[in-house]
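[1] Build me a structure from this.
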Amino acid sequence: MDATPLIASFILFASMELGDKTQLAVIALSMRERSVEVFIGALLAFALVDGVSVAFGGVLSSLLPTFWIKVGSGVLFLLFGALSLLEGEEEQKVRADLRNVVLSSFSLVTLMELGDKTQFAAILLSARYGAPLLVFLGILLASAVLTGGGVIAGRGLMAAVPSHYIRYISSTLFIAFGLIFLTGALLGLEIL
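    From the prediction side, this is the model:
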């Protein structure tokens, strides 16, 4: 079994979500609420949003020729990387009014992830690799690691690493993946 889709999805999602507004929301919620319930609610939200995205990407991979999926993925990853570099700092104010912590975390993370660049990346990776289950597992593992880290670290993570550095790292990885996908498509190579 080729683990490339799992590894690529894990690395990309971990870098994209590190310091993202969703992780900031999890950190803020975990400072006020029970950490285990915040973790469960957030992970369920990631599973729902990214699961649907990965399934859509899997269907897309059976409908479009591989060459065009690779070119489209490369171009969109380059675009996401450039846009991430141009984005300003994320608003760090998060508020959860619901009484049930799991439901609050689930609702907040679901709303924050809908239409987010990670949702589109899930679609693209699933279509690119044609291995929706491995892509989903990579995404879910990255989500669990970062959500767990956010819950455990609380304010410490954001104090240790300035958010603009995290944004630069994420943007660089987006651009690197875009270049790899485009180069592979144009040269007919299977790089990643």
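[2] any weak-confidence spans in the chain?
    Low-confidence segments of the chain, defined by pLDDT under 70, span residues 28, 31-32, 84, 87-99, 115, 153-164, 166-167, 169-170, 190-192.
[3] try 90 this time
    Scanning the chain with the threshold set as pLDDT under 90 gives 1-2, 12-13, 15-38, 49-50, 52-131, 146-147, 149-182, 184-192.
[4] mind listing the strands for it?
    Under the criterion DSSP state E, strands are not mapped anywhere in the chain.
[5] Packing partners of the longest helix along it?
    Among the segments of the chain that qualify as a helix by DSSP state H, the longest is helix 35-63. Counting contacts by 3 or more C-beta pairs under 8 Å, 6 or more residues apart in numbering; DSSP states H and E, helix 35-63 packs against helix 21-32, helix 101-113, helix 117-129, helix 132-153. Using the backbone N, CA and C atoms, a C-beta is placed for each residue, glycine as well.
[6] tell me the most buried of the ones you listed?
    Each of the helices and strands packed on helix 35-63 was assessed for mean neighbour count using mean count of other C-beta atoms under 10 Å. The highest is helix 117-129, with a mean of 25.
[7] got the angle between that helix and helix 132-153?
    Here helix 117-129 runs at an angle of 150 degrees relative to helix 132-153 (axes from the mean of the first three to the mean of the last three C-alpha atoms, to 10 degrees).
[8] one step back: possible to save the helices and strands packed on helix 35-63 as a markdown table with distance to I69?
    A markdown table is the format used below for the helices and strands packed on helix 35-63 (distance: least, C-beta to C-beta, whole Å):
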| stretch | distance to I69 |
| --- | --- |
| helix 21-32 | 26 |
| helix 101-113 | 23 |
| helix 117-129 | 5 |
| helix 132-153 | 13 |
